[in-house]
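Sharing a sequence plus its predicted fold:
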Amino acid sequence: MTPLFDTHCHLDFDDFAADRVAVLERAEAAGITRIMVPGTHAHSALKIESNTIRVQRSFGLHPYFIEAHQQSHIDWLEAQLDQHPTAPVGEIGLDATCSDYDLQCKLFEAHLALAARYQRCVILHHRKTQPDLLMRIKQVRDQLPDCGGVLHAFSGSYEQAKQWYELGFKLGVGGTITYSRAQKTRAAIGSIALDALVLETDAPDMPVAGQQGQRNEPAQVVTVLQSLLDLREEDEAIIRRQLWQSSCQLFGSAND
Ligand SMILES: [Zn+2]
């Protein structure tokens, strides 16, 4: 069976400091062979080793930590992109629940300029900012590489999903779809083109239904997949194959 790719997992966070090896073992047992660890801060480049799972990372300054970022961190970011020729730019974006929205916008523009210059796909964070984010991405879409990027933790309507898909972006499908109350998002994910979707956990955040308040972990990508299978018409083999291909389109083929 085609393996699974957790396209968004903060495995470098301290939440996993005590048992990261065990977490990776459980992920491996669940059939996960690749994990993308999105960058959130400057100088946070924890090396995570695994013999069986390929752990990749991207570089970015997350809007949630806007107060920690400094102008010089953009230089650091540029140096990382120089040193890591395939690393994506992320996790970046706009968060209306965080402070300094103007500064977030400036920082986001700086990231997009780097993504265009280095021809890297982007990993986008949004919270109550999807229309603004979409408008800004539309403005620069022709400067970004074909792979575009991924709107991580998608939630929203079919119309919103379709707008991202038409820009050539993927939608990160996570724990949200495991909640029956998330009707709009579940309907969107169930009916959008299959090649729009990639799986993610956003661990340690976004626990799946029934595990609220607990730490999430990459092995739970299987629970997200189970909900996806319930929402889709295609059979499991086809869904797994397409998810894998779409993830590789974003983050490189298995042999890179
Ligand atoms: Zn994240």
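Perfect, thanks for sending it.

Show me what counts as buried in the longest helix along the chain.
The helix that spans the most residues within the chain, counting by DSSP state H, is helix 101-118. For helix 101-118, the neighbour count (16 or more other Cβ atoms under 10 Å) marks Gln104, Leu107, Phe108, Ala110, His111, Leu112, Leu114, Ala115, Ala116, Tyr118 as buried. No exception for glycine: its C-beta is placed from N, CA and C like everyone else's.

can I assume the third one is in contact with Glu91?
No: counting by Cβ atoms under 8 Å, Phe108 sits too far from Glu91 to count as a contact (11.2 Å).

Could you pull up the mean pLDDT of stretch 18-36?
Rounded to a whole number, the mean pLDDT of stretch 18-36 is 97.

For that stretch, give me every contacting residue.
With Cβ atoms under 8 Å, 6 or more residues apart in numbering as the test, stretch 18-36 has contacts from 1, 3-9, 11, 16, 48, 50, 52-58, 88, 123, 217-219, 221-222, 247, 251, 254.

Restricted to helices, list those residues.
Those of the contacts of stretch 18-36 mapping onto helices are Val221, Val222, Ser247, Phe251, per DSSP H.

tell me the contacts of the third one?
Applying Cβ under 8 Å, 6+ apart, one finds that Ser247 lies in contact with Phe5, Thr7, Arg34, Val198, Leu199.

do you know how far it is from Arg120?
16 Å (Cβ to Cβ, to the nearest Å).

can you check the second one too?
When distances are taken as Cβ to Cβ, Val222 and Arg120 turn out to be 29 Å apart.

Those two: which has the busier surroundings?
The neighbour comparison of Val222 against Arg120 (other Cβ atoms under 10 Å) goes to Arg120, with 24 against 18.

quick one: the more buried one and Leu81 touch, right?
Yes: counting by Cβ under 8 Å, Arg120 does reach Leu81; the two are 6.8 Å apart.

what do those two both touch?
Taking Cβ under 8 Å, 6+ apart as the criterion, Arg120 and Leu81 both touch Ala87, Val89, Leu114.

okay, the first one: pLDDT?
Each residue has a pLDDT score; the one for Ala87 is 96.

so it sits right up against Phe59, yeah?
Yes: contact criterion Cβ under 8 Å: Ala87 and Phe59 qualify, at 5.6 Å.

Which neighbours do those two have in common?
Gln80, Leu81.

between the two, who's got more neighbours?
Ranked by neighbour count (other Cβ under 10 Å), Ala87 and Phe59 place Phe59 first, with 29 against 21.

list the contacts for the more buried one?
Shown in contact with Phe59 (Cβ under 8 Å, 6+ apart): Gly39, Leu77, Gln80, Leu81, His84, Ala87, Pro88, Val89, Gly90.

same deal with Gln212?
No residues are in contact with Gln212 under the rule Cβ under 8 Å, 6+ apart.

From Pro218, how far off is it?
Distance from Gln212 to Pro218, by Cβ to Cβ: 18 Å.

Could you do Glu234 as well?
24 Å.

what about the two, which has more around it?
Pro218 (29 against 13).

Just the local confidence number for that one, please.
At Pro218, the pLDDT value in this model is 98.

mind checking how far it is from Thr7?
10 Å.

and Pro3, how many neighbours?
15.

Where does the closest residue to it other than its chain neighbours sit: helix, strand or coil?
Leaving aside its sequence neighbours, Pro3 sits nearest to Thr33 (Cβ to Cβ, 6 or more residues apart in numbering; 4.0 Å). Put simply, Thr33 is strand when judged by DSSP: H, G, I helix; E, B strand; the rest coil.
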